[in-house]
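[1] how would this look folded up:
(one chain, ligands or ions: 1)
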Amino acid sequence: MPPTFTLARLRPTGAGQWASNLGQQKAADLNTRPFLALHALSSDYHNPGKVSTYVSLGRLFVVSPQKPEGLYTGFYCVLSPVEATDGRTLTVYPPLQSSGQPLYVHTLPALPDTRMLEDIVPDPLPYHLDDASFRVFCLAVREDMDELRKRRSDVASRDSGGLEAVQKDWDSWSQQTSRTKARRAPLGESIFERLPAIGNLNVLDPPTIYSELRLFHQLEADYSWKGVRSTSDWVLHLRKSIMDQQFIPDIPEAASGAISTYGDLPIFMDHLRTAVDVLFATEIPYDGQKLPEELVSRSVVRWEDPSPDFDVAESAYICPRIHAAEFHVVVFDLIGSLVDRDTAIFKAITSLIPTCKSVVSRYKVIQLFIDSEASRTRSNPNSLPIDNMRYALRDVAIRLGYAVDDDALEHAMQLLRRPLLYEDATSALETLRCGRALLALPLPDTLFSVRPDLPRDVDLLAMATARCDLYTRRSEVCDAILAHIKASQPGIDPSEILLVTSYTYRMLEPARAAGFQTALITRPDCPLSSIRLDTALPTYSADDLCALCDALDRRVEDVQNYKEADPSFWTPYRIRGLWQCDKILGEGSFGTIYNAFHLFTNEEVAIKVDMPDEELHQPCALPYEAKVYRVLEGHLGILVPRWDGEEGGAGVMVMDKLGPNLNQLRLFCRGKFSLKTICMLALQMITRIEFAHSRGIVVRDVKPENFAMGMDDHRNILFLLDFGVSKLYVNPTTGKHIPFRDGRSHIGTPRYSSFNSHFGRELSRRDDIEALGTTLLALLHGRLPWQGIYAPSIEAKMWRMGEMKAGYAMHELLSRSPSEFTWLFAHSRSLAFEDKPNYEMIRGLFLHRMRYEKWKNDGLFDWVDCRFLKKGTLIPEEYQWDDEVALDTSRFIPMTWS
Ligand SMILES: Nc1ncnc2c1ncn2[C@@H]1O[C@H](COP(=O)(O)OP(=O)(O)OP(=O)(O)O)[C@@H](O)[C@H]1O
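    This is a model prediction of the structure:
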């Protein structure tokens, strides 16, 4: 079959495997230009002259006024309007004109002809090659295929080049994306469509197909990274709240006056003294050298179980539904199903603070109380529940800014201790009681503290375990219920017991595991029952007790379908029986950070879980990190861990949830921040670092990923996180600076760390300042010169990067950066090991630039206001095509195409 010329165009639909639907949305709006191509079947160019034995759609060979580039350089034939005489020139009839420019048929890469639009039968264009030219072309394709194979085998599999053998894990260590990874979702296969021959051939004017491909590649690169969805959600939420509330961003003044460092080195006093002493006495897990094995086994952190066994929901078991007449006992999980404790809490608090109704929502007030009560119970396991309730009332009042007197508190306690029944409770009890035993299960620990007015025949169950708090293995509660019932009805089967509850996590899971029938009451206005956890499906589910009675009267035959609808237990960890992890927020070398929510209050938190690595003999860094946090407590922009400890054999730290980190926001802003944003960020970053230094801590891992924006009221506050490799630079016993040492191994992240770190020098405050400068440069330029360089070993690479940071590469980088950076680096490099940096001067540099440019420190970062971003953000409406994407073409052409 003779080859034909045809028109085709890139077709966005189905092309991208973008992780984000934002990318899909943008791609769908993309109007791509048609291009001219030569269509040939592979059988034609593999065996010209022979009849094809299989049907193939063939390949499209691009015709373009530009020659192929990169890996494909030289892979073309010249299209000549006149008869060809030499090597790779093809003759086309009738002659093809393109504004007087020569045209090239690219022999490689060849694009798949997918004919995506089925209703369009592509008409070939009236042009064709003569037989001799076609033979030349086929030969050229085969030659170029061989050449390509050779070139590929010559190209190292690393982006950074180089052919020598490298150490294991070199690529991952160097944070390179491997080629295979980068090409995992190639643009190819189904992204071209052939068009009917209606277009005119002006399509051959540049920009060509390759420009379009670059745009596609850009789209894929921009929208495929992990976290794009959550970052854009965070940004959109932030912008909405700014619009809704006429929110005037509140950036804390950069003045350092509040931070007192008592001269050069901090002096530790009062409560700080204890925290610092504890930290000083703790072995630093990563201090520039591997811990000796005996120290690890002596254990900075003990872990008995190498595969941590966190508390997870019990495995699913569905009881076949049985008819109401077959229940002999109904057990009410009192609070939430029969008794309205929420209203009692709200009444108690409004009796203390009458005006709180207008200040905070009912939901928030109840949440505050429950959270405070739970944390009091948690932190004082031996305290009386009634005291915890009293303290929780006081906590809420203080949190809302009120002082309470003892009389008012006692009155509020009375209200709290006598909650009323829900409106539907009386009639439901009437229906359910006929001939059945009714039992009520108090909220754990509240048996003697909360005494609702229950009907006489409802038996309040006193649990055998004195305490039935959050940490009690919940199956024990069901064992206790069964034992209690069996005392009066020895032959009862668990399936004849119906447990009615509002809490999926607290009662549903253990009740199902125990074989009880279960009913979940999801009262729409009850905060606790609004927690939706897909870990356990109830046998019955109803909005209130009346609806439950109706459901019980209808026998459900279709048990099988019901079973199939049951998802298996997917939920990962549950920490301290209180925080349920649901998804991963981030992963680092020292742990995984999970998104989790508080099972009582639904409040979101972040949980860092650090599994000890037995094989590498690496201890958990988390207990150490938690101690650093204690030393740093009390500063805006530094998290306070809510709980830390060991659970299931792993180190765990529960902390407030933050928004995206600066690297995620940089990607959201399409690679770079504007200088205005850099200045605003720099002011906060230097203040955080100064604070850490003022508490005797040198951070040692300053990088974009370790700064994250806060949530809600703290959405403009930049937080410094990750103190796993931080270190006290002051010896609290002597009050002296730690001594200089040489020959240390590298600490921190090579891309951002100071040049001292590359040469094995002990790090001090000056190195944090230098790493801050490098971090800001990375955020400003999007890339640093030493990213992706090649060296045969990690040591060689470290050395090479150090040289670049100390030499020309840094010099060149600074020459194309604002002068503030030259000053910053000049200052950090002029500091001696023990010197205190001049934070005020560094802040002054960025403040001065802002004043000069007439920018306000108004919190309008690039992600809020993209006016200063040339390429816009990843929000589809703000996305601007990047005309400067001028990278090597071959990087954009997936290998699968040829
Ligand atoms: N409290 C938090 N809220 C939201 N996200 C967080 C929180 N803490 C950490 N993260 C996310 O998880 C990522 C990794 O966290 P972190 O730096 O603490 O882990 P790590 O194991 O110490 O990492 P590294 O390899 O940098 O040492 C952070 O960059 C951040 O995006």
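[2] so residue 280 touches residue 730, yeah?
    No: with contact defined as Cβ atoms under 8 Å, residue 280 and residue 730 do not form a contacting pair (9.2 Å). (Glycine included, C-beta is placed from N, CA and C.)
[3] higher neighbour count, these two?
    Ranked by neighbour count (other Cβ atoms under 10 Å), residue 280 and residue 730 place residue 730 first, with 22 against 17.
[4] not counting sequence-adjacent ones, nearest residue to that one?
    residue 696 (4.2 Å; Cβ to Cβ, 6 or more residues apart in numbering).
[5] three-state assignment of residue 584?
    Here residue 584 is strand, with the state taken from DSSP: H, G, I helix; E, B strand; the rest coil.
[6] tell me how many other residues crowd it.
    13.
[7] one more: residue 37?
    27.
[8] and the one 3 residues further on, by the same measure?
    Neighbouring residues of residue 40 were enumerated by other Cβ under 10 Å; the total is 25.
[9] what does the model give the nearest residue to it once chain neighbours are set aside for pLDDT?
    Using Cβ to Cβ, 6+ apart and skipping the chain neighbours, the partner closest in space to residue 40 is residue 3 (4.3 Å). For residue 3, the pLDDT comes out at 76.
[10] element containing residue 519, please.
    Using DSSP states H and E, residue 519 sits in strand 517-521.
[11] check contacts around the residue nearest to the spatial centre of the chain.
    Among the residues of the chain, residue 585 comes closest to the average C-alpha position under Cα atoms, centre = their mean, at 3.3 Å. Listed by Cβ atoms under 8 Å, 6 or more residues apart in numbering, the contact set of residue 585 reads 230, 593, 594, 595, 606, 657.
[12] so which of these also contact the ligand?
    The residues of those that also fall near the ligand, by Cβ under 6 Å from any ligand atom, are 593, 606, 657.
[13] tell me the domain ranges of the protein?
    By the record's domain assignment, the chain is partitioned as 4-226, 250-281+660-859, 293-305+571-656, 309-338+422-558, 341-419 (automatic domain parsing).
[14] which residues of this structure lie near the ligand?
    585-586, 588-591, 593, 606, 608, 639, 655, 657-658, 661, 705-706, 708, 721-722, 724.
[15] give me the below-cutoff pLDDT ranges for the stretch 301-450 of the chain.
    301-321, 358-359, 378, 381, 443-450 (pLDDT under 70).
[16] let me fix that: the stretch 101-250 of the chain
    Filtered on pLDDT under 70, the stretch 101-250 of the chain yields the residue ranges 113-123, 153-211, 245-250.
[17] nearest to the ligand: which residue in it?
    Taking Cβ to the nearest ligand atom, the ligand has its nearest neighbour within the stretch 101-250 of the chain at residue 227, 7.8 Å off.
[18] so how far is residue 775 from the spatially closest residue to that residue that is not a sequence neighbour?
    Take residue 227 and drop its neighbours on the chain: the residue closest to it by Cβ to Cβ, 6+ apart is residue 664, 5.0 Å away. From residue 664 over to residue 775 the distance is 14 Å, taken as Cβ to Cβ, to the nearest Å.
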